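[1] Okay, predicted coordinates and the sequence, questions at the end:
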4 protein chains.
Amino acid sequence: MSIVLGPHQYGKAETRVVRIVRDTARHEITDLNVSSALRGRFDAAYLEGDQRSVLPTDTQKWTAYVWSKKVNPDPVERYGLALARHFVDGYEPVDAARIEIERYDWTRAVVGGVPHDHTFVRTGQEVRTAAITLEPAATHVVQGFKDLVVLKSTGSRFKDFLVDEYTLLQPTEDRVMATSLTARWRVTDPEDDVDWNAMYDEVKAVMLERFATLDSLALQQTLWHMGRAALEAFPRITEIRLVAPNKHHFPVDFSRFDEENANEVFNADDRPYGLIFASALRDDAPPAGDAWLAYTGLT
Amino acid sequence: MSIVLGPHQYGKAETRVVRIVRDTARHEITDLNVSSALRGRFDAAYLEGDQRSVLPTDTQKWTAYVWSKKVNPDPVERYGLALARHFVDGYEPVDAARIEIERYDWTRAVVGGVPHDHTFVRTGQEVRTAAITLEPAATHVVQGFKDLVVLKSTGSRFKDFLVDEYTLLQPTEDRVMATSLTARWRVTDPEDDVDWNAMYDEVKAVMLERFATLDSLALQQTLWHMGRAALEAFPRITEIRLVAPNKHHFPVDFSRFDEENANEVFNADDRPYGLIFASALRDDAPPAGDAWLAYTGLT
Amino acid sequence: MSIVLGPHQYGKAETRVVRIVRDTARHEITDLNVSSALRGRFDAAYLEGDQRSVLPTDTQKWTAYVWSKKVNPDPVERYGLALARHFVDGYEPVDAARIEIERYDWTRAVVGGVPHDHTFVRTGQEVRTAAITLEPAATHVVQGFKDLVVLKSTGSRFKDFLVDEYTLLQPTEDRVMATSLTARWRVTDPEDDVDWNAMYDEVKAVMLERFATLDSLALQQTLWHMGRAALEAFPRITEIRLVAPNKHHFPVDFSRFDEENANEVFNADDRPYGLIFASALRDDAPPAGDAWLAYTGLT
Amino acid sequence: MSIVLGPHQYGKAETRVVRIVRDTARHEITDLNVSSALRGRFDAAYLEGDQRSVLPTDTQKWTAYVWSKKVNPDPVERYGLALARHFVDGYEPVDAARIEIERYDWTRAVVGGVPHDHTFVRTGQEVRTAAITLEPAATHVVQGFKDLVVLKSTGSRFKDFLVDEYTLLQPTEDRVMATSLTARWRVTDPEDDVDWNAMYDEVKAVMLERFATLDSLALQQTLWHMGRAALEAFPRITEIRLVAPNKHHFPVDFSRFDEENANEVFNADDRPYGLIFASALRDDAPPAGDAWLAYTGLT
């Protein structure tokens, strides 16, 4: 019996790259949090402290900055692919690279009724995410978002569930359903002409529509239908994974007071919360490889 | 020499009240974080543990819920005033009440191109705030927002500053200026017919316009002009206070690389940050009393 | 009627200074988060963007670093006083300076049963704080801590409180009392020989003892007695302020289950929470001036 | 081609269970954040909204509370195993259960030099974690901690690394090395008599000793040696995984000032940071199954 080195990866996390395109008076802004991880033959660094094959994480930071100039970081997926390719092609011990990106959304301030040329307001609750994995067998782009907080004030029920000795929950025909949604969808070996921004907008729109219109019997069911709708809309997406905390909004009990509460006043609970994972995939989906092997956990 | 009780207040913080108006199929949602503090003759509770004058904080929680039904919590200022009035009028030892409210913004999900009746998405980076102080001499409403993140990618300079032995900063004619703005404006003894929601929208719009259009020599100057513009627009506002961390975006030094960085690639710094306080008031402003005496620090 | 500049201050927030004393093999570490604010005649910067009197916040950052070498930053109060003095004495428009410091606690790692010379572990939940205000009329040191989380599992009751139509709370003779305590105590015009570290340790110890031993009738009463005990122990302290969220631990209702819960199983609630402010001061306390006028809100 | 349900799990996250043992005047406290996930045949809930096999997450919450009374939750691993067993044995569709626990550390307040019977202070930066996976083929306990912040002020170098066109980093023979360590170690099919608390204390001690005493050539090397030391000390541990952000402490450049900085004054950087993953395992380690398949991400 002996002790051996197991899975490992290393890199630079959370380089905050802000890119302004200012070729005309009408500026554009791309605001990113970029992480890069290298996976490969770095055993000597771990076992003996031999750094000769190790590209410093500081160098990876500078690379992220410089490549945001070489390649327009909008869409982020193309920038991430270029960055991953740079690391895999240029450094002998690197077998695979993982680029993880958070993108923060800005919209133009409105001045005199007109969107302003160079003033922006941070908008959106959700953060757009991308995770690119470039490995020998395949290239995976996992596009997605997190922290999309949605709520429907009716059109959701929960009943006919399993009951045991610890079950106090009462069935309901009409409840508030709310979540802070994380969604990630995989495209493996994408063609060069994928319109990533259009895909992002449309997948989000399709899922929101399903959330709104499905008469929900459970959050599990809603998630499945949202995921399936995304796959139906985009043949290039082979798999989608959803994580949804059930942000409970329980009606406040007014029975002791002189007011009625007919599903009108709720407490927004912090903890605990139901936490549901769902996924949908095509039955002919190519292997995922390390597409889902996280680095920072941010994407 | 003896030791005496100094300033004190107590109450319930962060009651998460969500109010749905569902009188028709088109629901409305108001999402609040409500805190209430009582100020008055509670010495016996502190000095001797005598609770006979103490309205439990648990009771204050229930009151916040029930009053969100008695009074439509939109606009939040009217709801806060009613809640404060309830505590001051109804309980003998209460001399003054402070209600602090965070309001989270939701917009309707778009389904088939149409805003949906009962599905909402959390939007906005900024949080709207209100702090109502009802005291014997006056009633103060401090309306405001926090976490409004704004950035202009040009139209800002910083030069001709004081230089000492520790000054390494170089003057610049063109820099990125960004902040996460907190603004609070005071209305004392408001008339019943104030349109709080209109005031909120317009003050925010006016300040954003000044931020965008003023050719800035310093964040201090920008803040002063934003505040003054708000007071000019609304005679009822007697004072405004602004807190602005200077979220530094320094151009990344590319001098060692094969790329040029002409104010195109920036690092978004975390810490440290410049932190600027500014305020503007009318020279005939009525006394502020305890309008600025915070309870939770959230508003 | 005209609009005038109101209260203002500006400076650099959250410079993360780590100072290692390595004169011998046995190193010492002082880990600080330092903020400095200047208060004075900066009207021209606000009103006209004239920076000639403005010491850049970047310069204040470098000053904080260099002065951590000139003056040993342990105790932090002495370092803060020196930094404040530097700003007030050296720059004509500066009328007053405010230095706010968070200090993070490290203890030596134990290796082979012995505290190690140069390896440290971050310890302590609480953060030690200091706020120095140097103004024309006086010098104030506000020493303190925040985030000291304490709990007593018995020896606390709550009963005989005011009851109204919204009061559902039941009186109790035995409850868990827990809080995350913030305490700040003021020394005005301190002598040079104050042993700040000893004062800090002893005030904390005295207050913890009162928290533990007082048979509590309410959190208000407990706080008052903790504050009074600190003032009794240290004649130099003229005032103390305490902020305590009542971190509720409600017994979980087991009445529907086959187990008994005799104050044994609790839910630790997040929100809402009671929030209590208390203070004690000597009746001959010197004026506080701007000792309590916060800058960052961190101390 | 069709779309099928992929991996899924559901449960209740972050139930905040506080257990007081009060059989004598000397109370004991165990403070937990408990999450439970069920994995199994829940396809009907996702695909059709059929809840008949679904044990509500609300029921899982009550179960966590009640079982903290049935089974002493100290050590947490035994409690977690009992809870997992309850779910797997009692509910037909449940194939596997995952219990994730955060444990917060409290120590007794010292009163008159003596540890107090019923007053406690939250201590420790680190959070102890446990993740129990009970699946048909095996039972896995992953014990660990997170947020253990450690620093050595010398005894660390970084040099002889790969240099490319983006490498500006200078080699160093003496740097500060600091991290906020996450460690998790796996025991598969544990015997009933494992002393979990002793294992926890000793693994932490062994790893801290290696961190302190190894003359480090890189964080990668340090992590490997820490992990290997844990496996050498405990034959029952078959695998250990470490995640370590390199919390950079760069010496502040004093070259422009009238002071010297001989590795004495550092800036504690926030972002970006190097992020290193390492792991060590026995070459005869039993399969990990889903031992590393996270639920909340908290453990």
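    Now that the structure is in, tell me what you want to look at.
[2] In stretch A:38-51, which residues are buried?
    A:Leu38, A:Arg39, A:Gly40, A:Phe42, A:Asp43, A:Ala44, A:Ala45, A:Tyr46, A:Gly49, A:Asp50, A:Gln51 (16 or more other Cβ atoms under 10 Å in any protein chain shown). Using the backbone N, CA and C atoms, a C-beta is placed for each residue, glycine as well.
[3] go on, stretch A:178-194?
    A:178-188, A:190, A:194.
[4] rewinding a little: reformat the buried residues of stretch A:38-51 into a markdown table and put secondary structure and pLDDT next to each item.
    Converted to a markdown table, those look like this (DSSP: H, G, I helix; E, B strand; the rest coil; pLDDT from 0 to 100):
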| residue | secondary structure | pLDDT |
| --- | --- | --- |
| A:Leu38 | strand | 98 |
| A:Arg39 | strand | 98 |
| A:Gly40 | strand | 97 |
| A:Phe42 | coil | 97 |
| A:Asp43 | helix | 97 |
| A:Ala44 | helix | 97 |
| A:Ala45 | helix | 97 |
| A:Tyr46 | helix | 97 |
| A:Gly49 | coil | 97 |
| A:Asp50 | coil | 97 |
| A:Gln51 | coil | 96 |
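[5] Pull the most distant pair out of those.
    A:Arg39 and A:Gly49 (19.4 Å; Cβ to Cβ).
[6] Tell me where the stretch 101-250 of chain A has strands.
    A:106-111, A:114-122, A:127-135, A:138-152, A:177-188, A:239-246, A:249-251 (DSSP state E, counting those that start in this stretch).
[7] can you redo those strands as CSV with distance to chain D?
    Converted to CSV, the strands of the stretch 101-250 of chain A look like this (distance: least, Cβ to the nearest Cβ, whole Å):
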stretch, distance to chain D
strand A:106-111, 19
strand A:114-122, 18
strand A:127-135, 14
strand A:138-152, 12
strand A:177-188, 11
strand A:239-246, 7
strand A:249-251, 10
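[8] The stretch 51-200 of chain A against chain C: which residues are in contact?
    A:Glu165, A:Tyr166, A:Leu168 (Cβ under 8 Å from any Cβ of the partner chain).
[9] and the gap between the first one and chain B?
    The reference is to A:Glu165. 30 Å (Cβ to the nearest Cβ, to the nearest Å).
[10] okay but that residue is in contact with C:Glu259, surely?
    No: between A:Glu165 and C:Glu259 there is no contact under Cβ atoms under 8 Å: 10.6 Å.
[11] ok, back up a step: which among the strands of the stretch 101-250 of chain A is found nearest to B:Arg241?
    Using Cβ to Cβ, the nearest of those to B:Arg241 is strand A:114-122, at 20.8 Å.
[12] quick one: strands adjacent to the closest one?
    Take DSSP bridges as the rule and strand A:114-122 pairs in its sheet with strand A:106-111 (antiparallel), strand B:138-152 (antiparallel).
[13] among those strands, which is the most enclosed?
    strand B:138-152 (a mean of 22; mean count of other Cβ atoms under 10 Å in any protein chain shown).
[14] hmm, what's the outermost residue in chain A?
    Going by Cα atoms, centre = their mean, the residue of chain A most distant from its centre is A:Asp258, 45.7 Å out.
[15] That one and B:Asp23, how far apart?
    20 Å (Cβ to Cβ, to the nearest Å).
[16] count of neighbours near A:Arg256?
    11 (other Cβ atoms under 10 Å in any protein chain shown).
[17] Over to the one 3 residues further on?
    Applying other Cβ under 10 Å, we find 14 other residues in the vicinity of A:Glu259.
[18] show me the contacts for A:Gly11.
    Applying Cβ atoms under 8 Å, 6 or more residues apart in numbering or on different chains to A:Gly11 gives the contacts A:Ser35, A:Ser36, A:Ala37, A:Leu38, A:Thr57, A:Gln60, A:Arg98, A:Tyr295, D:Gly274, D:Leu275.
[19] Neighbour-wise, which one of the residues you listed leads?
    A:Ser36 (31 neighbours).
[20] Quick check: pLDDT value at A:Arg282.
    A:Arg282 carries a pLDDT value of 98.
[21] now the strands paired with strand A:114-122 in TSV, with mean pLDDT and distance to D:Ser153?
    Formatted as TSV, the strands paired with strand A:114-122 follow (pLDDT from 0 to 100; distance: least, Cβ to Cβ, whole Å):
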stretch	mean pLDDT	distance to D:Ser153
strand A:106-111	97	41
strand B:138-152	98	37
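[22] so can I have a markdown table of the ones you listed showing distance to D:Leu242?
    Below are the strands paired with strand A:114-122 laid out as a markdown table (distance: least, Cβ to Cβ, whole Å):
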| stretch | distance to D:Leu242 |
| --- | --- |
| strand A:106-111 | 37 |
| strand B:138-152 | 35 |
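[23] What number of residues are in the vicinity of A:Asn263?
    Neighbourhood size, A:Asn263 [other Cβ under 10 Å]: 15.
[24] ok, it - contacts?
    Per Cβ under 8 Å, 6+ apart, neighbours of A:Asn263: A:Thr154, A:Asp174, A:Arg175, A:Val176, A:Pro251, B:Ile20, B:Arg22.
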